[in-house]
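Colleague: sequence first, then the predicted structure:
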Amino acid sequence: MKRTAKRFTLATAATAGLALALAGCAGGGAGAPAGGGDTEAPEDITVGVAMPTETSERWIADGDAVKAGLEEAGYTVDLQYAADDIPTQQQQIDQMITKGADILIVASIDGTALANQLQAAADQGVPIIAYDRLINGTENVDFYVTFDNYNVGVQQATSLLTGLGILDESGAETGETGPFNIELFAGSLDDNNAHFFWQGAMDTLQPYLDNGTLVVPSGQTDIEQAATLRWLQETAQKRMEDLLTSTYDGGAKELHGVLSPYDGLSRGIITALQNAGYGPDQASGLPIVTGQDAEIASVKLIADGVQYSTIFKDTRKLAEQAVEAAKAYAAGEEPEANDTETYDNQVKVVPSYLLESDIVVAENIESLLVDSGYWTAEEIEKGQSD
Ligand code: GAL
């Protein structure tokens, strides 16, 4: 890996040498020991944080939590949101590098579109931490903090099966054989996570599709057919409307469940379903709709019996891991990985720290989300269902 020092020198082949910068050892060569000289103040370390969009509240929470954690450690933070626009994100990262960022934390929009920026960063000895979404096709990604994304997909599909009554609360089969009509949604194909969510979900649903318990009347069972570019709510709503027209007699035919991989999509899907006359809630025939991210608008819908489930990924913990990784680089060390096999970005397997997620349904909103302080009972009570 090519790492030409910017204002500091290499500590090890794999580390950018921030420790030496902190220790003021500008003259040391590769392998030179850290230490000695004037210690650079933490505020002189700038961490560039590139986030994809502010249209989804989870990324705002992520950005805020990462910034707060880095500032608590004393670092200077350059936090940017890119309005889900790839050139904007490229430009923001270019600027972070020009302005002298020492470490980058990047949640990409398109995981394949940042190779030039990351090469420039690597040329300056800047360690790059991929945040939540893997950056593909480049050797210049040093570490990855995320959740067990395959398992998130398993959890989404499991909650669909539970909601339909095929599995009970303990995950055991009830003997219910349907058949149930379902439709499938996937995320944005340029987001590596979308493929993991889909794979985990489809591996879980496949036995029930094979034995006829589940049927996809539209026949749209490929990720390309189910994909939702940029994870846009209105795109999911439009696809659901089209499916209802093409396959469900505009709402007259029964639809029992929808696999949705993200709360924003879930709300678009629910709007389409309600507009076609389903529901308005599960008790009155709204299909089981899954989700992800425990966004407040969806948590409110779950509490109200409208959306069935979501997946809680505690972004506070993710932010904490990103901050830990940044601290490790600043100290000239490698961050601690708990997975060194799963995330192959087509150039290398990126050392990763994976966090666990939880299925949220109405019954455990309080224990998972309120007791942990993620949302208050008042926020859920007042949450807007858009
Ligand atoms: C994914 C992320 C999900 C969800 C989605 C849409 O990359 O892992 O949690 O937020 O983007 O923003």
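Modeller: That came through, no problem.

Colleague: domain map for the protein?
Modeller: Here the domain parsing of the chain from automatic domain parsing is 2-141+315-355, 149-313+360-382.

Colleague: let's have those in a markdown table, adding mean pLDDT and distance to the ligand.
Modeller: Yep, even glycine has a C-beta here, placed from its N, CA and C like the rest. Formatted as a markdown table, these follow (pLDDT from 0 to 100; distance: least, CB to the nearest ligand atom, whole Å):
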| stretch | mean pLDDT | distance to the ligand |
| --- | --- | --- |
| domain 2-141+315-355 | 84 | 5 |
| domain 149-313+360-382 | 97 | 4 |
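
Colleague: hey, where'd the helices end up in the stretch 201-350 of the chain?
Modeller: Residue ranges of the helices in the stretch 201-350 of the chain, as given by DSSP state H, counting those that start in this stretch, are 223-226, 233-247, 263-275, 296-303, 315-330.

Colleague: and those: which comes nearest Val106?
Modeller: Closest to Val106 of the helices of the stretch 201-350 of the chain, according to CB to CB: helix 315-330, at 10.0 Å.

Colleague: list the buried residues for the closest one?
Modeller: Buried residues in helix 315-330, counted by 16 or more other CB atoms under 10 Å: 315-316, 318-330.

Colleague: do stretch 165-180 as well
Modeller: By neighbour count with 16+ other CB under 10 Å, stretch 165-180 contains the buried residues 166-167, 178, 180.

Colleague: which one of the helices of the stretch 201-350 of the chain lies nearest to Glu43?
Modeller: Once CB to CB is applied to the helices of the stretch 201-350 of the chain, the stretch that comes out nearest is helix 315-330, at 11.8 Å.

Colleague: identify the residue nearest the geometric centre of the protein.
Modeller: Averaging the C-alpha coordinates of the chain gives a centre point, and the residue nearest to it by CA atoms, centre = their mean is Asp132 (4.7 Å).

Colleague: wait, that residue sits on Asn193?
Modeller: Yes - using CB atoms under 8 Å, Asp132 makes contact with Asn193 at a distance of 7.1 Å.

Colleague: which residues do the two both contact?
Modeller: Common contacts of Asp132 and Asn193 (CB atoms under 8 Å, 6 or more residues apart in numbering): Thr146.

Colleague: so Asn151 is in contact with Phe197, correct?
Modeller: No - the pair Asn151 and Phe197 fails to qualify as a contact (CB under 8 Å) at a distance of 9.6 Å.

Colleague: more crowded one of these two?
Modeller: Between Asn151 and Phe197, Phe197 has the larger neighbour count (other CB atoms under 10 Å), namely 27 against 17.

Colleague: which of the helices or strands spans the more buried one?
Modeller: Following DSSP states H and E, one finds Phe197 within helix 192-210.

Colleague: pull out the buried positions in that helix.
Modeller: Per 16+ other CB under 10 Å, helix 192-210 contains these buried residues: 192-198, 200-202, 204-205, 208.

Colleague: likewise for stretch 302-318?
Modeller: 302-303, 306-316, 318.

Colleague: rewinding a little: export the buried residues of helix 192-210 to CSV and tack on distance to Asn275?
Modeller: Compiled in CSV, the buried residues of helix 192-210 are given as follows (distance: CB to CB, whole Å):
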residue, distance to Asn275
Asn192, 33
Asn193, 29
Ala194, 26
His195, 30
Phe196, 31
Phe197, 26
Trp198, 26
Gly200, 30
Ala201, 26
Met202, 28
Thr204, 29
Leu205, 26
Tyr208, 28
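
Colleague: what is the helix or strand harbouring Gln119 packed up against?
Modeller: Taking DSSP H and E as the definition, Gln119 sits inside helix 115-123. For helix 115-123, the contact count by 3 or more CB pairs under 8 Å, 6 or more residues apart in numbering; DSSP states H and E identifies helix 86-98, strand 103-106, strand 128-131 as packing neighbours.
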